[in-house]
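Engineer: Take a look and give me a structure for this.
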Amino acid sequence: MTDYREMLRLGSLGLNRTQIADSLGVSRTTVIHTLQRAAARGLDWRTVETLSDRELADKLLPKGGDTPGYQAPDYAYIHREMAKPGMTQQLLWMEYCDHCRDAGTIPYQLTQFKKRYREHLATTKATMHINRKPGEIMEVDWAGQTAQLVDSDTGEVQEAYVFVAALPYSGYAYAEAFLSRDQQAWTAAHVNAYEYFGGVARILVPDNLKTGVIKHTRNEVVLNKSYHEMAEHYGTAILPARVNAPRDKATVEGTVGYITRGILAAIRNQMFFTLREMNGVIKERLYAVNHKPFRDKDGSRATWFAEERVSLLPLPSVPFELSEWKAATVSFNYHIGVDEQYYSVPYEYIKRKVDVRLTRNVVEIFYEGTRICSHIRIHGRRGQYSTQEAHMPANHQKSLQWNGERFRKWAAKIGPCATTTVEAILTGYKVEQQGYRACMALLKLSDQYTPDRLEAACAKALTYTPRPNYKAIQTILKSGQDRITKDSAAPAEPSVFGFTRGADYYKGGNG
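Structural biologist: Residues are numbered from 1 along each chain as shown. As a prediction, this is how the structure comes out:
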């Protein structure tokens, strides 16, 4: 029997609770509770000195009912609080202890607190959502059974796959049919489900499809990059169900069965020619499923969802846009090629490997996880370039400041032949910009040679071809042919002493 008398005596001597526990070989908790109960009943060492051990025990621990001095928790309140996001039994127990301390009563220890709460749930059958809190989880999966579309032209039957999402707290569900189960369909299904619910659950529980989870072992979970990007956009966390553990997403598994029986089986004999038509019928039947009254409790999925909706995270300002990731190497012209279109990268990254994120409208380029630039995505004919001036070396930026009109004005100052030559160079390419480099090189010749010589060289070149190039003009200037006039180039007259041998001279024979 616990020596309560000695505890009170040692306490009266000023020993602390740890010292009393060590002296009597009992737990410190027992000492604390005994001293608290004694103080609550006005008992001290002097008043119990004449009592027997049994009488003292009866005063401290009277028989019958809940132990006096211990305050029973408000289990109904605890159960309501447990339904709130982030709430734990330990947190509620700490609040309960604070309340008991203020009231001067003795609280149960955490183990007893949890045990009595479980007994309360078993007695009242209050098992509604002990582990299912509003707005906490959204479970997703593809239905095992498919629907069918008919091609109106050929009569060919095509399978449609049905995506199902469910909120475990309310059971509220979303369903939509797709023609495939690829990454684009998987992502679009999630985006549409969030729009349907009007908010985002804090945790997303998918199965281990490759469109969501690349690798899932006991020690490692590797998520699909696009799927993880979508989760970040919506501010939710992905916790994939364990492999071969359907109980991890029991709600959606049950909802899949319910959707299969209540919707897919019901429309099995209907003929659909478009996906839009099929999803219209699914939406109508889904409304009926969500509003059908429960059999074993009050309300319906819809009425419970009305309570849950306020706990969902708000939707982002714009829906998520599916992206595709590719790897590329920056070439010597500081561009990368993606789908046969070319985008500039700061020239410092030449020969570096980069990651490229593609959406329908934007191309983003990352180096070691840091975004270094972005472009509007190019669509249309192949081989187009998107070049930003800031990505160029300084000497390339200088040449970019020139345009066709400026080259023509410069040539007009040199002379008409230079003007004709520049016009021939600019119009000699399919795209005018391709001739800028030749025109720039021609301009630099006026620094090495005088403008008059350059004009003369252009005139000389035009006598050979109507479309002279830079190389021909440079050769004329180097060789000095621009200085040779027509008169100086004429052949000299034959000498008066010269003679020409006729054909008879070369015939041979007598001479």
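
Engineer: what does the helix or strand where residue 372 lies rub up against?
Structural biologist: In this structure, residue 372 sits in strand 370-376 according to DSSP states H and E. With contact meaning CB atoms under 8 Å, 6 or more residues apart in numbering, strand 370-376 is reached by 343-346, 349, 354, 361-366, 386, 388, 391. C-beta: built from backbone N, CA, C; applies to glycine.

Engineer: Check which element follows it along the chain.
Structural biologist: Next helix or strand after strand 370-376 toward the C-terminus (DSSP H and E): strand 385-386.

Engineer: returning to that earlier point: just give me how far the strand holding residue 372 sits from the chain centre.
Structural biologist: Relative to its chain's centre, strand 370-376 lies at 16 Å (CA atoms, centre = their mean, to the nearest Å).

Engineer: What strands flank that strand, and is each parallel or antiparallel?
Structural biologist: strand 362-367 (antiparallel) (DSSP bridges).

Engineer: pull the CA atoms of the helix or strand encompassing residue 437 into PDB?
Structural biologist: Using DSSP H and E, residue 437 sits in helix 436-448. Output of helix 436-448 as PDB, limited to C-alpha atoms (Å, rounded to 0.1, in the frame of the first residue of the first chain):
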ATOM      1  CA  TYR A 436      23.600  43.000 -91.900                       C
ATOM      2  CA  ARG A 437      27.000  41.400 -91.100                       C
ATOM      3  CA  ALA A 438      28.200  41.800 -94.800                       C
ATOM      4  CA  CYS A 439      27.000  45.400 -94.700                       C
ATOM      5  CA  MET A 440      28.800  46.100 -91.400                       C
ATOM      6  CA  ALA A 441      32.100  44.600 -92.900                       C
ATOM      7  CA  LEU A 442      31.600  46.900 -95.900                       C
ATOM      8  CA  LEU A 443      31.200  49.900 -93.700                       C
ATOM      9  CA  LYS A 444      34.500  49.100 -91.900                       C
ATOM     10  CA  LEU A 445      36.300  49.200 -95.300                       C
ATOM     11  CA  SER A 446      35.600  52.900 -95.400                       C
ATOM     12  CA  ASP A 447      37.800  53.200 -92.300                       C
ATOM     13  CA  GLN A 448      40.700  51.400 -93.900                       C
END
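
Engineer: Could I get the full set of strands for the stretch 301-450 of the chain?
Structural biologist: Remark: strands assigned in the stretch 301-450 of the chain by DSSP state E, counting those that start in this stretch are 324-329, 335-338, 341-344, 353-358, 362-367, 370-376, 385-386.

Engineer: Now the two most distant members of the contacts of strand 370-376.
Structural biologist: 349 and 361 (23.2 Å; CB to CB).

Engineer: what about the two, which has more around it?
Structural biologist: More neighbours surround residue 349 than the other of residue 349 and residue 361, with 18 against 9 (other CB atoms under 10 Å).

Engineer: Just to check, that one is in contact with residue 334?
Structural biologist: Yes. Judged on CB atoms under 8 Å, residue 349 makes contact with residue 334 at a distance of 7.4 Å.

Engineer: So among the contacts of strand 370-376, which ones count as buried?
Structural biologist: Buried members of the contacts of strand 370-376, scored by 16 or more other CB atoms under 10 Å, are 343, 344, 345, 346, 349, 354, 363, 364, 365, 391.

Engineer: Just give me the closest of those to residue 227.
Structural biologist: Set against residue 227, the nearest of the buried ones among the contacts of strand 370-376 by CB to CB is residue 364 (17.7 Å).

Engineer: so the closest one makes contact with residue 345?
Structural biologist: No. Here residue 364 lies out of contact with residue 345, judged by CB under 8 Å, at a distance of 11.3 Å.

Engineer: quick one: low-confidence ranges for the stretch 201-350 of the chain?
Structural biologist: Across the stretch 201-350 of the chain, the ranges flagged by pLDDT under 70 are 210-221, 242-255.

Engineer: Tell me where it has helices.
Structural biologist: Secondary structure of the stretch 201-350 of the chain (DSSP state H, counting those that start in this stretch): helices at 225-234, 250-259, 275-291, 301-308.

Engineer: What are the buried residues along the last one?
Structural biologist: Looking back up the chat, that one is helix 301-308. Quick answer for helix 301-308 (16+ other CB under 10 Å): 301, 302, 304, 305, 308.

Engineer: From the rest of the structure, what touches it?
Structural biologist: Contact with helix 301-308 is made by 134-135, 167, 169-173, 197, 289-292, 294, as judged by CB under 8 Å, 6+ apart.

Engineer: again with the longest one
Structural biologist: Residues lying outside helix 275-291 but in contact with it, judged by CB under 8 Å, 6+ apart, are 147, 149, 160, 162, 172-179, 258-259, 262-263, 266-267, 270, 272, 300-302, 305.
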